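Asks: Fold the stuff below for me.
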Amino acid sequence: MNHFTIDWTWKALDLKICLPILLTLVFFSIYWFTSKSEKIKRIFYNKHDFDQASLKHIFFTKYFGFFFMGIFPTIICLIFLPEITLADLGLTLIYETSLFSLFWIFVLSAIIVPLTYLSAQKPKNLVNYPQIRAKVWSKKMLFINALGWFLYLFGYEFLFRGVLLIPLIEPLGMWPAIAINIALYSATHIPKGLDETIGAIPLGFILCLLTISSGTIWIAFIVHVVIAWTNTFTALKFHPDMQLQK
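Replies: You can find the predicted model right below:
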């Protein structure tokens, strides 16, 4: 019985390629299925009234995402790839590229905010946003919602634009690293519908290029926060079943 021989040789660069990809897959999956767990959701809804349960459950998922996408994968990456530092992963301030970063944060925000504002009003968007489904929103709820998105998106962008992107450039080259990044980044949007899945492709491409050009994750992180906040507060404003507490 004939078969092809498998080369089991483990090369030095294999870990640098495989680890970021597997960390992204494993920890995003842990986050996703935890955030969608009906058992965990019922814990909050059995203890609190609807509005408070929705607030606490969604904030829990954001807080959970911060740790399981931003903190834990980074720790593992730093342990098993000791030649890589937090600065190498984009968690740094680079004076030489600071004006470049500020420029693109402003430009992308100026483009994206109006587009997000218009799309956030559409009925199909209001089905999912704001994620906190409370009927009456207090100022505290607004703050917690904004904080939740801030924490979650830091973890999310640090995973995708830091852990997944930068370590792959040296062993694979820039374009294969970007292609892998966009493929996984777009795939994470599939449950949110065709529009967000397709939209993640050009946005992911631009954010990868800007991350590489600036050497930091800040453009991707801040722009994503701007998108999330604009979408959430616009959806809240136009949602027929939600209102701000007077």
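Asks: In stretch 52-68, which residues are buried?
Replies: Neighbour-count burial for stretch 52-68, counted by 16 or more other CB atoms under 10 Å, picks out 53-62, 64-66, 68. No exception for glycine: its C-beta is placed from N, CA and C like everyone else's.
Asks: ok, now stretch 198-218?
Replies: 199-200, 203-205, 207-208, 210-212, 214-218.
Asks: What are the boundaries of the helices in the protein?
Replies: Under the criterion DSSP state H, the chain carries helices at the ranges 12-35, 38-47, 50-65, 72-80, 98-120, 123-126, 139-157, 166-172, 174-187, 194-214, 218-238.
Asks: Average pLDDT for stretch 150-165, rounded please.
Replies: For stretch 150-165, mean pLDDT is 95.
Asks: what distance separates stretch 173-191 from the centre of its chain?
Replies: Between the centre of stretch 173-191 and the centre of its chain there are 13 Å (CA atoms, centre = their mean, to the nearest Å).
Asks: Using PDB, list the CA coordinates for that stretch.
Replies: The C-alpha trace of stretch 173-191 is given here as PDB (Å, rounded to 0.1, in the frame of the first residue of the first chain):
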ATOM      1  CA  GLY A 173       6.000  38.600   3.600                       C
ATOM      2  CA  MET A 174       3.600  41.500   3.800                       C
ATOM      3  CA  TRP A 175       1.000  40.400   1.200                       C
ATOM      4  CA  PRO A 176       0.500  36.800   2.500                       C
ATOM      5  CA  ALA A 177       0.300  38.200   6.000                       C
ATOM      6  CA  ILE A 178      -2.400  40.700   5.000                       C
ATOM      7  CA  ALA A 179      -4.300  38.100   3.000                       C
ATOM      8  CA  ILE A 180      -4.500  35.800   6.000                       C
ATOM      9  CA  ASN A 181      -5.500  38.700   8.200                       C
ATOM     10  CA  ILE A 182      -8.300  39.800   5.900                       C
ATOM     11  CA  ALA A 183      -9.600  36.300   5.400                       C
ATOM     12  CA  LEU A 184     -10.000  35.700   9.200                       C
ATOM     13  CA  TYR A 185     -11.100  39.200   9.900                       C
ATOM     14  CA  SER A 186     -13.900  39.100   7.300                       C
ATOM     15  CA  ALA A 187     -14.900  35.600   8.400                       C
ATOM     16  CA  THR A 188     -15.600  36.800  12.000                       C
ATOM     17  CA  HIS A 189     -18.300  39.100  10.500                       C
ATOM     18  CA  ILE A 190     -20.200  36.400   8.700                       C
ATOM     19  CA  PRO A 191     -22.700  36.000  11.600                       C
END
